[in-house]
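1. Task: produce atomic coordinates for the following.
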Amino acid sequence: MLKNGFVHAEAEPAKQVGLFRYAVEGTSPNSGGRTLRIIVIPSPCRAEIKVVTVMWADEA
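-> Numbers count the residues shown, from 1 in each chain. I've put the predicted structure just below:
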């Protein structure tokens, strides 16, 4: 998902000042082509990404 997914909407501010939430969407290779959406908050100063949630995009 993080390598091949796409961000289709503007980032939203996270609760922590200076950080932003991104909704990344992409297809899952082993789910019959269903689309997943993950919400992530990347850290600007470290190579870390907080995964907030993972969901099927067609059920959200």
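2. which residue lies farthest from the center of the protein?
-> G32 (20.1 Å; CA atoms, centre = their mean).
3. hey, what's T35 bridged with?
-> T27 (DSSP bridges).
4. Please tell me I have it right and it contacts M55.
-> No - if you go by CB atoms under 8 Å, T35 and M55 don't touch, sitting 10.0 Å apart. In this view, the C-beta of every residue, glycine as well, is placed from N, C-alpha and C.
5. Give me the more crowded residue out of the two.
-> Ranked by neighbour count (other CB atoms under 10 Å), T35 and M55 place T35 first, with 16 against 13.
6. Next up, the contacts around that one.
-> 25-28, 56-58 (CB atoms under 8 Å, 6 or more residues apart in numbering).
7. Tell me how many other residues surround I41.
-> 18.
8. Just the pLDDT for it.
-> Per-residue pLDDT puts I41 at 95.
9. Name the SS class of the nearest residue in space to it that is not next to it in sequence, please.
-> In this structure, I41 finds its nearest non-sequential neighbour in K50, 4.5 Å apart by CB to CB, 6 or more residues apart in numbering. Three-state call for K50 (DSSP: H, G, I helix; E, B strand; the rest coil): strand.
10. these two touch, right, K50 and I38?
-> No - with contacts counted by CB under 8 Å, K50 stays clear of I38, the gap being 10.9 Å.
11. Same drill for these two, tell me which one is more crowded.
-> Legend: neighbour count by other CB under 10 Å for K50 and I38, higher for I38 (19 against 13).
12. Can you name the residues that contact the more buried one?
-> Contacts of I38 (CB under 8 Å, 6+ apart): 1-2, 5, 23-24, 51-55.
13. R34 too?
-> 27-28, 56-58.
14. Just put those in CSV and tack on pLDDT.
-> Below are the contacts of R34 laid out as CSV (pLDDT from 0 to 100):
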residue, pLDDT
T27, 89
S28, 82
W56, 93
A57, 89
D58, 81
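15. Out of these, which is nearest to E12?
-> When the contacts of R34 are compared for distance to E12 (CB to CB), A57 wins out at 16.8 Å.
16. Distance of that closest one relative to V7?
-> 13 Å (CB to CB, to the nearest Å).
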